[in-house]
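*Asks:* Please find the sequence and the predicted model below.
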Amino acid sequence: DDEANKPKSSDGKTPRAGSTKPGTFSIDRHVICVRDYPPAMACLLLQISHFRSLVEKHISATEATVDRIFRGEGPDGSSNQGGSNSDLSSSEHSSSQRSRDKRWKIDVLDTRVDATSKAVNLAKNWLPRLLQ
């Protein structure tokens with residue numbers, strides 16, 4: 001399982017420890033030796049790796065936030081679960097429960113809308129660079 005977590009070079013091989021040569025860059029799990037490619041291709045590979053890294057980080061952050069919401073926490077990590085109050089009548093309790101049931105849906109939707117907005121901004125900034 002450790003092999004899956006080791007960085008891979010663009011040719012799919014795992015670099016050996018201490019074998020890093022000049023011109024080699026590691027961006028997250030991707031290792032790129034710019035000297036193996038013409039300058040334009042090396043630049044493009046580095047930019048693609050940065051773009052991929054940013055997208056993966058945004059996706060991971062969004063998934064973590066949605067998981068927290070499903071567990072009953074708020075998008076910011078605060079608790080959305082109301083304490084049990086014995087003074088509440090059964091109709092107030094069911095109304096409060098319905099409100100919480102709707103709240104998590106709204107929080108998930110807000111989180112996904114925010115993630116989509118961030119993805120559009122990433123694409124707006126990075127795609128012109130990658131397509132030049």
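*Replies:* Cool, got the structure.
*Asks:* Just give the number of residues close to the residue nearest to residue 23 when sequence neighbours are not counted.
*Replies:* Nearest non-adjacent residue to residue 23, counting by C-beta to C-beta, 6 or more residues apart in numbering: residue 35, 4.0 Å away. Every C-beta, even on glycine, is put in place using the N, C-alpha and C of the backbone. Residue neighbour count, defined by other C-beta atoms under 10 Å, stands at 11 for residue 35.
*Asks:* how near is residue 35 to residue 25?
*Replies:* For residue 35, the distance to residue 25 equals 11 Å [C-beta to C-beta, to the nearest Å].
*Asks:* now swap in residue 53 and tell me
*Replies:* Distance from residue 53 to residue 25, by C-beta to C-beta: 12 Å.
*Asks:* same thing with residue 115?
*Replies:* 28 Å.
*Asks:* Return the residues in contact with residue 47.
*Replies:* 126, 129, 130 (C-beta atoms under 8 Å, 6 or more residues apart in numbering).
*Asks:* Residue 20 should be in a strand, yeah?
*Replies:* No. Read with DSSP: H, G, I helix; E, B strand; the rest coil, residue 20 is coil and lies in no strand.
*Asks:* Just the strands from this protein, written as ranges.
*Replies:* 8-9, 24-27, 30-33 (DSSP state E).
*Asks:* which of those strands sits most buried?
*Replies:* Each of these was scored by mean neighbour count; the highest is strand 30-33, a mean of 19, by mean count of other C-beta atoms under 10 Å.
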